[in-house]
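**Student:** I would like the atomic coordinates for the input below:
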Amino acid sequence: MLTKRQEIILKAIVEEFIKTAEPIGSKTLLEQYGLNCSSATIRNEMNYLETEGLLEKTHASSGRVPSTYGYRYYVEYLMDSVLDEKEKYQLQTFFSNDLPLGDVIQASCDILSNMTNLTSLVLGPDANKQSLAHIKLFPLNETSAVAVIITDQGHAENKTFYFADKVSVEDIKTCTSILNDYLVGTLINDVVDKLNEIKPILERSVKRHEILFNAFMQAFVKFASDNVYFSGATNMLYQPEFSDIEKLKEIMKMFDDSSLWRSIGNRESSVKVKSPDNKGELIWVNDVAIVSSIFNIGDEEGKLMVVGPSRMNYNKIVSILDFATQFIESQYKKKK
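**Tutor:** Model prediction:
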């Protein structure tokens, strides 16, 4: 366990390195943080922190930088979660909009990326664990309609269909009624198979059954796929830690692997982040730091994540994640 002074020095080094990306020496700590001790004492404490694996010494400088373990200690015990007034106003303005739950989740991903200048992603609740609660089909005209698919957990997906031929309003109503009669209560993962089973019923009852059947099949296949949204992937290009092209290629490949992101948080290496709701976690994958926070939608969980170098502004990121996850949960409760 570190002493109070050692924790103050470690906290100062982490936060100064996040701002400057330069190794931190004892002189900087004395000038910037006004520590009540001599430069020699600070150097001794830095040597101790290095011995304990919390700091690392670079070859090009006598200063120190945080190690992975140092970041872990910082986010678990030392970090303060704070936002300035401008950031609070930006979040409050954005989240004051009354959006559908699905749009709130995706838009949260965008604002996380914009406010952190990093890559963000959101894992929506796994649709495969949910059951179909209701289907609505709204005709726009004779050649298009909007389908809304709703699960028992309040997850909604809408899709606009453009039909090759005219479809009557009566056909649309009949098709919707049959689908609700036979599919409600079915696990989303099983809906495609069940839809194939009831195809003969649609053939007997609906004139333009093939057009409507294909439209719904496309919607359910999309709905059952991994619910992963990314924003700001190109922000990785501007991080000095990822200037090596081969390293950058590795990271970009990660964004194509939805199963990787589904597994985040189930790893023993994850660290609990010091935050008001204790829902935050930090892990490293391929030298990339990933800060995540859980939100609950009924009995299901989703996750908001921010992805970047170890040298990221954890205070700000965790505060934004806390705000966003609380808002998503409150929107779900309002719409139940």
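**Student:** need the longest helix for the protein.
**Tutor:** When secondary structure is assigned using DSSP state H, the longest helix within the chain turns out to be helix 314-335.
**Student:** Let me see the mean pLDDT of it.
**Tutor:** For helix 314-335, the per-residue pLDDT values average out at 80.
**Student:** Tell me how far it lies from the chain's centre.
**Tutor:** Computed by Cα atoms, centre = their mean, to the nearest Å, the chain-centroid distance of helix 314-335 equals 11 Å.
**Student:** and the closest residue to residue 286 other than its chain neighbours, how many neighbours does it have?
**Tutor:** Closest residue to residue 286 in three dimensions, ignoring its sequence neighbours and counting by Cβ to Cβ, 6 or more residues apart in numbering: residue 250, at 5.8 Å. No exception for glycine: its C-beta is placed from N, CA and C like everyone else's. Look at residue 250: counted by other Cβ atoms under 10 Å, it has 14 neighbours.
**Student:** re the thing from before, tell me what the longest helix of the chain is packed against?
**Tutor:** Other elements packing on helix 314-335 under the criterion 3 or more Cβ pairs under 8 Å, 6 or more residues apart in numbering; DSSP states H and E are helix 85-95, helix 101-116, strand 280-285, strand 288-297, strand 300-308.
**Student:** which residue ranges form the helices in the chain?
**Tutor:** Under the criterion DSSP H, the chain carries helices at the ranges 4-20, 26-33, 39-51, 68-73, 85-95, 101-116, 169-183, 188-197, 199-205, 209-224, 245-254, 258-263, 314-335.
**Student:** worst average pLDDT in these?
**Tutor:** Set side by side, the helices of the chain show their lowest mean pLDDT on helix 258-263, which sits at a mean of 69.
**Student:** what's the pLDDT at residue 156?
**Tutor:** 69.
**Student:** okay but residue 317 is in contact with residue 293, surely?
**Tutor:** No. Counting by Cβ atoms under 8 Å, residue 293 is not a contact partner of residue 317; they are 9.4 Å apart.
**Student:** Kindly report the domain assignment for the protein.
**Tutor:** Following automatic domain parsing, one gets these domains for the chain: 4-78, 85-126+227-335, 130-224.
**Student:** Quote the end-to-end distance of the first one.
**Tutor:** Meaning domain 4-78. 11 Å (Cα to Cα, to the nearest Å).
**Student:** Name all residues that make contact with the residue nearest to residue 199 when sequence neighbours are not counted.
**Tutor:** With Cβ to Cβ, 6+ apart as the criterion, residue 199 has its nearest non-adjacent residue at 6.0 Å, and that residue is residue 213. Residues touching residue 213, when contacts are defined by Cβ atoms under 8 Å, 6 or more residues apart in numbering, comprise 195, 199, 202.
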